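Got a predicted structure plus its sequence, pasted below:
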Amino acid sequence: MTMILLLLALKSLLVAAVTLGLLRLTRTRSAAERSTIAHLGLFALVALPLASLALPALDVPLPAPIARMATVDRVERSATPLPASDEVAPTATVASPAETAEPVWAGALSGAARYAFLLPTLVLLALTLAALLRLIGLRARADVLVDPDWLSALARAQRRMGFKNGTALLWSDELGSPVSWGLMRPVILLNNAAVAAPEQAEAIIAHELAHVVHLDWAKLILARVATATFWFNPLAWVLAREAHQLREESADDAVLAANIAGPDYAELLIGVARHQCRGALLGAHGVAPSKSSLGRRVRRVLDQSPARGPSGRSWVAGFATGMASMAVPLAAVTFVPSHNALATIQAPQAGLHSAADASTGGLSTMTGGTASRPTVAAAVPNAAGASFAPTSSTIAAGQDQSAGTLDRSDDGDEGDVQRALGISGEYRRGMAEAGFPNLSNDQLAEARAGGVSPQYARDMRATGMSLSLDDLVEARNMGLSAAYIAAMRGFGIKGDLGDYQGMRSVGVTANFVRKLRARGNKTTDPDELTSLRAVNGNPDSDPDP
């Protein structure tokens, strides 16, 4: 079971890494096109376990460090004691790996690994199911919206997007911001504040209907299943987060295509960001951005240069073919111990057997003449298909040497894992000195993949903010620098990472704050500063007096 999970983890890391690499290479393409790539990668992740069972196995020799573990597992499973009627003289023994592995322990470890994998998966799927059930309850308690302004906006958006299916337009006082979900019977659910602002109807309807037309609800559920299945893969979470961001950016493009002014829509995003429906967003899409994505979306809405076209059929077909060409052979791959790996493991045991037989005739007695209970060694097949029977007795010095060898093997495997994840001892020490000691390999790998260097960690902590490792990774992904945060805090502007990112994305610089204060505006509220900068449009212009 352990080897199956390890192999699945390696495959999922490769699929997620390739998909994120493609997203980086295509960062100048439209959000709709890049969203296609991200969701094809998520689909490949979900299909990976099923395809591995359905496709014929493609055997690949296992790397030597991992082969040692796999071969020991095979020895434990294949070891069979000789019949009880065979008589063996009393001997002093040193247990071989096959002898020390109790079947009960082996079964317990295998069961623990299975439950350790399944429990987080079940918890995450249960949370998603709870969010879906909440949406069903919200729909049942919601009222049909009959406001003519909103109905007209819905009809115009449906004609513009060529969407002929009916869409339920409802409202509820249980929400903080509008959301949408569903495939066959899609729903757009508005909150009271949105209903009371019909001037925002065109933008909100265009955004939510774009999610419906693009089947984004199915994509959201796909991302939830992918992260629940591969909860142990940090790149799967990064890919799911990026896919969500691209779905929102594609819907934003649909709003701008409806001739909604960029600054007006940016102001709308900033306003509804304060009322994000976190619980509902586990199972639905909403116009309200999270604070971590607010800056990126506002900056992109105000920017005139990004490509905003839809994802064409040729684009979808091309990347679907490429993703299948990568994922299908990868799913079929099965690692097997090579002959050289088996020989490396068996050779020391065979040599010990020969030396003991040559000196004692295959038997040895304990010091002082005290005999031990009889033991029999199991026959183990070698690389050529033959078998040998290691002796069940060695001298005390041989026991010490064997134990030392096993300890060094464990240390070597740990080093191999760290090298495979790209974690050096210098990086681990640097992060510890920066205030993050005792990090696991997974945490270090996530930090390194997110571009967090020890120097960046030290600089961010020096700003005075209380930051966790996840906060550092998020800040690095958002492009936040310690210098910018220190400058804002120097003006007395305090907030969280989302506040600083929102200000930075719309052009709230130290120079901008100085000019505001020179005109008598002493505000230190991040939302107010972000709104002032967004309304001014050009980041290089002076603030309005």
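That came through fine. Residues are numbered from 1 along each chain as shown.

quick one, what contacts Leu302?
Leu302 makes contact with 262-263, 266, 506, 534, 537 under the criterion C-beta atoms under 8 Å, 6 or more residues apart in numbering. From N, CA and C alone the C-beta is placed, and that goes for glycine too.

Which among the residues you listed count as buried?
By neighbour count, with 16 or more other C-beta atoms under 10 Å, the contacts of Leu302 hold 262, 266, 506, 534 as buried.

would you turn those residues into TSV with secondary structure, distance to Ala38 and pLDDT?
As requested, those are arranged in TSV below (DSSP: H, G, I helix; E, B strand; the rest coil; distance: C-beta to C-beta, whole Å; pLDDT from 0 to 100):
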residue	secondary structure	distance to Ala38	pLDDT
Gly262	helix	24	86
Ala266	helix	24	86
Val506	helix	25	80
Ala534	helix	27	73
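
What are the boundaries of the strands in the stretch 151-300 of the chain?
Using DSSP state E, counting those that start in this stretch, the strands of the stretch 151-300 of the chain run over 168-172, 179-181, 187-191, 285-286.

what does the second one contact?
Think strand 179-181. Residues contacting strand 179-181 (C-beta under 8 Å, 6+ apart): 135, 186-189, 208-209, 211-212, 217, 277, 280-281, 283-286.

Could you check how many residues crowd around His272?
Check again: residue 272 is Val, not His. By the measure other C-beta atoms under 10 Å, the count of residues near Val272 is 23.

pretty sure it contacts Arg297?
No: between Val272 and Arg297 there is no contact under C-beta atoms under 8 Å: 11.3 Å.

Give me the common contacts of those two.
Shared contacts of Val272 and Arg297, defined by C-beta under 8 Å, 6+ apart, comprise Pro289.

Could you pull up the residues touching Arg476?
Contacts of Arg476 by C-beta under 8 Å, 6+ apart are 450-452, 456.

That one and Gln245, how far apart?
Applying C-beta to C-beta, to the nearest Å, the value for Arg476 to Gln245 is 16 Å.

Over to Val179?
17 Å.

need the longest helix for the chain.
If each helix of the chain is counted by residues according to DSSP state H, the longest one is helix 103-141.

Next, the angle from that helix to strand 168-172.
Put simply, helix 103-141 runs at 90 degrees to strand 168-172, going by axes from the mean of the first three to the mean of the last three C-alpha atoms, to 10 degrees.

Which one of Val179 and Gln245 is surrounded by more residues?
Val179 (25 against 21).

What residues are bridge-paired with that one?
Leu189, Gly286 (DSSP bridges).

Need the max-distance pair from the buried ones among the contacts of Leu302.
Gly262 and Val506 (11.5 Å; C-beta to C-beta).

quick one on the thing from earlier: buried ones from the contacts of Arg476, can you make that a PyMOL selection?
Buried residues within the contacts of Arg476, by 16+ other C-beta under 10 Å, are selected in PyMOL with:
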select buried, resi 450+452+456
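
Hmm, which of the contacts of Arg476 is lowest in pLDDT?
For those, the weakest pLDDT value sits at Gly450, with 76.

so who does the closest residue to it other than its chain neighbours touch?
Excluding the flanking residues, the one nearest Gly450 by C-beta to C-beta, 6 or more residues apart in numbering is Val473, at 3.9 Å. Residues in contact with Val473, defined by C-beta under 8 Å, 6+ apart, are 446-447, 450, 452.

With Asp252 instead?
31, 207, 265, 297, 300-301.

In helices, which of those appear?
31, 207, 265, 297, 300-301.

would you list those in a markdown table and tack on pLDDT, neighbour count and distance to Leu480?
Compiled in a markdown table, the ones in helices among the contacts of Asp252 are given as follows (pLDDT from 0 to 100; neighbours: other C-beta atoms under 10 Å; distance: C-beta to C-beta, whole Å):
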| residue | pLDDT | neighbour count | distance to Leu480 |
| --- | --- | --- | --- |
| Ala31 | 93 | 25 | 22 |
| His207 | 92 | 27 | 26 |
| Tyr265 | 88 | 25 | 24 |
| Arg297 | 87 | 23 | 16 |
| Arg300 | 88 | 21 | 17 |
| Val301 | 89 | 25 | 20 |
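
Nearest to Asp527, out of those: which one, please.
Nearest member of the ones in helices among the contacts of Asp252 to Asp527, counting by C-beta to C-beta, is Arg297, at 15.2 Å.

How about Arg29, nearest residue that isn't a chain neighbour?
Ala307 (5.9 Å).

so the one you found makes contact with Ser30?
Yes: contact criterion C-beta under 8 Å: Ala307 and Ser30 qualify, at 4.1 Å.

ok, those two, which is more surrounded?
Shown here are Ala307 and Ser30; by other C-beta under 10 Å, Ser30 has more neighbours (21 against 12).

So that one sits against Ser311, correct?
Yes: assessed by C-beta under 8 Å, Ser30 is found in contact with Ser311 at 7.3 Å.

ok, back up a step: and the residue nearest to Gly450, which of the three is it?
The three-state label given to Val473 by DSSP: H, G, I helix; E, B strand; the rest coil is helix.

Quick one, grab the pLDDT at it.
86.

now do Trp231
Taking Trp231 on its own, its pLDDT is 92.

which ones are touching it?
Counting by C-beta under 8 Å, 6+ apart, Trp231 has contacts 120-121, 124.

Just the buried ones from the residues you listed?
Neighbour counting with 16+ other C-beta under 10 Å marks 121, 124 as buried within the contacts of Trp231.

Please identify the one among the contacts of Trp231 that lies nearest to Val15.
Thr121 (17.5 Å).

Was I right to think the closest one contacts Ala228?
Yes: proximity of Thr121 to Ala228 meets the contact threshold set by C-beta under 8 Å, at 5.0 Å.
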